[in-house]
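Asks: only geometry, no sequence info:
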Ligand SMILES: Nc1ncnc2c1ncn2[C@@H]1O[C@H](COP(=O)(O)OP(=O)(O)OP(=O)(O)O)[C@@H](O)[C@H]1O
Ligand SMILES: Nc1ncnc2c1ncn2[C@@H]1O[C@H](COP(=O)(O)OP(=O)(O)OP(=O)(O)O)[C@@H](O)[C@H]1O
Ligand SMILES: [Mg+2]
Ligand SMILES: [Mg+2]
């Protein structure tokens, strides 16, 4: 078939959850050998569209045509049978099973007798991983020991193992650091060469321009535009997505930097936190850059009392403190917005209201009784202040989309009116609009004198937002750079310095 | 005698070693009375029989006896309803319900003599006639108790038959249900006392628990056999569940003849082993008769023909049964089933 | 495929792989602990009383409790898929009664043996459907099934015992090549089930279903059908267990053996099957069943006061559990 | 998952209960009498207390199988302290309850400190505590308590069985705590996402520890009431009661996976079961028939609310 006849076509597809229309008459198509980017704000309906393509959801209306034949994708089986494979936003692997098994589960190579050909499973898994040049990964290790990036490559190998014609990637780079992103983009290009059609969802525009052949933009579940990448520039894309122009992506607010709030000396905890010393001042944003496994989250967890330090001193407002539990950290005025929103940040089945009040429930109670009215009032204010888009504060958080969920987590911690706010990947998987809003909120906070410690794997974000930058590798602080000194080159060099050394 | 016989701590009263019967010292009536019951003379009675638990051969036999008697009299509708586990609470709840539902008479076999008493007193207070069998309550919680055979009588029968099989020097072990089951505990104590008195040279190895579970009884018996090897000469089975299981263990261990099994059990369960000659003597009263007698006693109590102070009661085909220590009616001496007579029984 | 150079072909058998011991400890840690416990018990008790390892005692330890091990195989599978079955004890009681009744009624022996197996599969199939398609938590369904079976058994049979069974029926008392049938059955079934769980596509999919249901769906595994299937399998093993259970003595007590379900579940979890699903092996469950049997016999051999017996058993079990947790702590 | 859907379950249950009461009282005129109903209240108190505590435990996604054994242990200790150690009875009872509570605390420790799944931990202590009970008692049962002691289990206050008052108070307090206090909120939060609860600075370990201790305490109190009701102590008391309690809780709509459930539901579940037990046997159904029916009701009730729920969301 010729390059620009679509392999898969969705036309007039709609989908509603509990009466709420989240996809309205959307049309979308993918050609063999192209990278088709799917853009939109959080909650625009990208994942839903994808889940329809991969047979997880059945559309309420509309038709799906694959390779010229119209068909119903009622289950993931149908989709894979039709040659559509998906790497989901939240990776779907089996932690207890080996890498090789995760790749071939459901379609093991068989011997003539019909039994599983385990040697083939392992050698072909090996082969696939090598094609994604992931030689370091042993096909027999259990997936639960892998890092995020490694897991993702397993997912891709899994997709390839079914030699898919169409590969869907839902925010594949959300939890990757720069180096891994580059590697991934390499893989995507390689696949395109092989004639695989790729649907690529991301909130990171630079990637889009580097990879995509075409872009389709969704807004509030409706199809806004489909363009060749050449026809659009970043500004246009953003305004297509958000419906309004966004001036600056990293609105750095110049806040008056006060005196030291947090003074850390020789902090140690296991292999991931070694001899950490730094200071954080009122109204300052201190960024932490590093590769996955560099120990940034562990450092945060240690400061937050989740994994108490084994040695070292922490001085808060001039008073030495020993932080043994998150509870204690909270009472001391330290807040932590965690890396993994779904697991660590939110109680998804619970109402927005209850999530927002969760860290302050003691203060919201007289005696042991919760003052429901006050709780609701504060939640309503918070939702308004941070611009969380939801039906009501009674809506289960699980139904919100990424960005809005993240705002709820932040809201929860702002309720504690912290002195020190630790943000771990604050805008991971958050759309440009919400991202800008979150950055603005950070600005607000520093202006009010909050000290922010920001862990981010997105270099532009670190460089754009921080007053100072710490670079971590192997659990140590490799370098401390002022805003001026912090150039991508120096930071990148510092991140990998450790690796060279080792 | 080892530390854990599994007996209880109540006083024992071993019989004489020879056949002289116990000197039954006359005792005043110590049972209770229903408070102003309606005149039930000759009227048809609705009676519920609440055994320790339903679903074991023994109590199927007793309830059969009750049914037979009821049919014979024609003036009694009896039904059996009991807990599915020998559980004091369930039994109490059941009886309580039947009090509410307003029966004329209650027949019971107590899972725990004390625990059951309050609810029985409640029954008496409600003017219901209450008669126990097999396992007693506190005397004043019921009118009469039909005693299958006195504890020391059973003990004598068991130990004597064991002695006759394994000799005065033999050592034996016991498989019981649980140490907390009152009747078993009582019997074991009496056996200990009687053995010490009349067969002092016999060696008491140990007692093991096996619930009401026949596979467990089987495994426990095996373990005993393997542990003591040739030292073990005999096994007592204290329940109708344990005894056949023990016999089976002996059979499968090919120890028939070298390890004797004596125990309480129902004939049907024992026939294979007795007729195979692996078990010589099974001690038991006839539970069908026990239920039968209990039904007649209840009838008599309801009619007022069996009043405090009576010395005997007429129990249908069983003839006159004598009243012993106050408010108990003795069914008779324990019965020893052997190869010759066991096939005459079916329960 | 693109011209990426193939790597050197790696050794296939896990035995030749480096870090084999480490991997063994990671994959079979709990199994090894249980095995160790058994060995230690045997050594210690034999030192006190050599008769403990007499052929006879070994026979009674292994074959007297084989039915628990066999039932635990099915239970392990159920738990691996993230479910549980608290009705299995009652089921075995019911099946035993059916089996005995058929045998006495003069049906061919093999009917008496295997018809109950079918019944077990049918009943559990029903349970499976309620769990898989109606989304009722398995513990709830089986809790209900427990009452239904227990009550039903008694109201139907009235609990009359079944005696004078045909000798040919009593398979558990016979021997195959010098070994008691229950022992052979236990070993054969365990090995087959273990291999099947480790290497068959179906076996692996059970781990997948228990390990990460969403992912299983996305991978195209029909979890509903798998769950129904695993319950049917559980019924199958319960049926086989029943054959051993019912043919061990010459009488069948048609009541539900007390707390059998707890023993079986305990065997599975002590054997290292994660109660959260997704990991564990049937080898572990069988070893654990053997451990219980050994403990039961051992304590009598070393003259632990019968009154304290159950306390000691409880302690030993708790010890194994804690040992496992501490091990995990270290490896993680 | 939404509030709507589990309010539904309680209403559904209430309707079922009313229906049952109606049918049963129509079956036997002796069923729907104050005396009988009060008496049933007396009989369900022990299970009730345990079930109420169990509601919290299950709402955190845990479970406590050892309650029956704790009950047995406490009962025995009450007797042993009093009879064998000569401690005055009130003190003996208190001491025994303390031990029972401690047993619950130990469960909590095993679960929180060693991270043993609740089911396994309490399965093990189920064996252990029962064993201890038997060992301590040497299988002897203790009897002959002074009459005043029976007021608790056999007496009445204002015409209502003493222990029923205790149950009522416990139910009300528990219901309020679970619904309106931060402890209740923490319980639900742990049940739906333990990690997030921990990351929100809620004291997860503390709460769980407290709940299992409470569960032990409830079982212990139930034990003393039980002893006073049946006027004797045996080491095998309360075996199997855990299943009755769990049945009531689950029937009451508490999700076995945690995060959901109300005390009201549990109480309704309790009443329904007790009504069936009693009413059916008054209507001439035998015990075993009743057991079956309860099993069926359990499955159907949960099935029904599951169907409701799905019709509710999506
Ligand atoms: N299972 C569900 N039940 C109810 N509403 C849902 C469900 N899944 C998604 N939604 C709603 O559908 C809308 C689209 O969600 P979707 O996940 O497709 O957004 P998205 O474009 O992928 O956002 P993000 O960029 O954050 O991933 C959102 O408003 C979300 O709240
Ligand atoms: N090499 C690794 N293998 C497996 N898991 C890892 C590895 N490195 C880190 N992780 C896990 O990933 C999470 C983040 O890793 P860590 O905190 O060490 O690095 P980080 O700098 O925070 O990286 P990021 O925050 O981008 O994930 C932690 O939960 C950590 O346990
Ligand atoms: Mg998405
Ligand atoms: Mg991190």
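Replies: It's in. All values derive from a computational prediction rather than experimental measurement. Ligands and ions are numbered 1, 2, ... in the order given.

Asks: helix or strand right after the one helix or strand residue C:298 maps to?
Replies: Assigned by DSSP states H and E, residue C:298 falls within helix C:282-301. Sequence order places helix C:309-331 as the next helix or strand after helix C:282-301, per DSSP H and E.

Asks: run the angle between that next one and helix C:282-301 for me.
Replies: Here helix C:309-331 runs at an angle of 140 degrees relative to helix C:282-301 (axes from the mean of the first three to the mean of the last three C-alpha atoms, to 10 degrees).

Asks: pull out the buried residues from helix C:309-331.
Replies: C:309-318, C:320-325 (16 or more other C-beta atoms under 10 Å in any protein chain shown). Heads up, the C-betas are built off the backbone N, CA and C, glycines and all.

Asks: which helices and strands does the helix holding residue C:298 pack with?
Replies: helix B:214-228, helix C:20-48, helix C:55-64, helix C:66-80, helix C:181-199, helix C:260-270, helix C:309-331 (3 or more C-beta pairs under 8 Å, 6 or more residues apart in numbering or on different chains; DSSP states H and E).

Asks: does the first one reach chain D?
Replies: Going back to what we said before, that points to helix B:214-228. No. Using C-beta under 8 Å from any C-beta of the partner chain, we find that helix B:214-228 stays clear of chain D, coming within 14.7 Å at best.

Asks: what's the closest of the buried residues of helix C:309-331 to residue D:37?
Replies: Comparing these against residue D:37 with C-beta to C-beta picks out residue C:310 as the nearest, at 38.3 Å.

Asks: tell me the pLDDT of the closest one.
Replies: Note on residue C:310: pLDDT of 80.

Asks: now do the SS call for the residue nearest to it when sequence neighbours are not counted.
Replies: Leaving out its chain neighbours, the residue that sits closest to residue C:310 by C-beta to C-beta, 6 or more residues apart in numbering or on different chains is residue D:131, at 3.3 Å. Three-state call for residue D:131 (DSSP: H, G, I helix; E, B strand; the rest coil): helix.

Asks: just to revisit the earlier point, nearest to residue B:298, of the buried residues of helix C:309-331?
Replies: residue C:310 (39.1 Å).

Asks: so what's that closest one up against?
Replies: D:127, D:130, D:131, D:134, D:135 (C-beta atoms under 8 Å, 6 or more residues apart in numbering or on different chains).

Asks: what helix or strand does the residue of the stretch 151-300 of chain C found nearest chain D sit in?
Replies: Nearest residue of the stretch 151-300 of chain C to chain D: residue C:151, at 3.4 Å (C-beta to the nearest C-beta). Assigned by DSSP H and E, residue C:151 belongs to helix C:138-157.

Asks: most centrally placed residue in chain B?
Replies: Centroid check for chain B by C-alpha atoms, centre = their mean gives residue B:134 as the closest residue, at 4.4 Å.

Asks: isn't that one up against residue B:65?
Replies: No. Using C-beta atoms under 8 Å, residue B:134 makes no contact with residue B:65, being 11.0 Å away.

Asks: quick check: neighbours shared by the two?
Replies: Shared contacts of residue B:134 and residue B:65, counting by C-beta under 8 Å, 6+ apart, come down to B:287, B:290.

Asks: which residues touch whichever residue of the stretch 101-250 of chain D sits closest to ligand 1?
Replies: Nearest to ligand 1, among the residues of the stretch 101-250 of chain D, is residue D:192, at 16.1 Å (C-beta to the nearest ligand atom). When contacts are counted by C-beta under 8 Å, 6+ apart, residue D:192 is found next to A:347, A:348, A:349, A:350, D:258, D:259, D:260.

Asks: what's the local residue count around residue B:18?
Replies: 6 (other C-beta atoms under 10 Å in any protein chain shown).

Asks: distance-wise, check it relative to residue B:170.
Replies: In this view, residue B:18 and residue B:170 are 20 Å apart by C-beta to C-beta, to the nearest Å.

Asks: quick one: the host helix or strand of residue A:406 near ligand 3?
Replies: Taking DSSP H and E as the criterion, residue A:406 maps to helix A:402-414. No. Helix A:402-414 does not reach ligand 3 (C-beta under 5 Å from the ion); its nearest approach is 6.1 Å.
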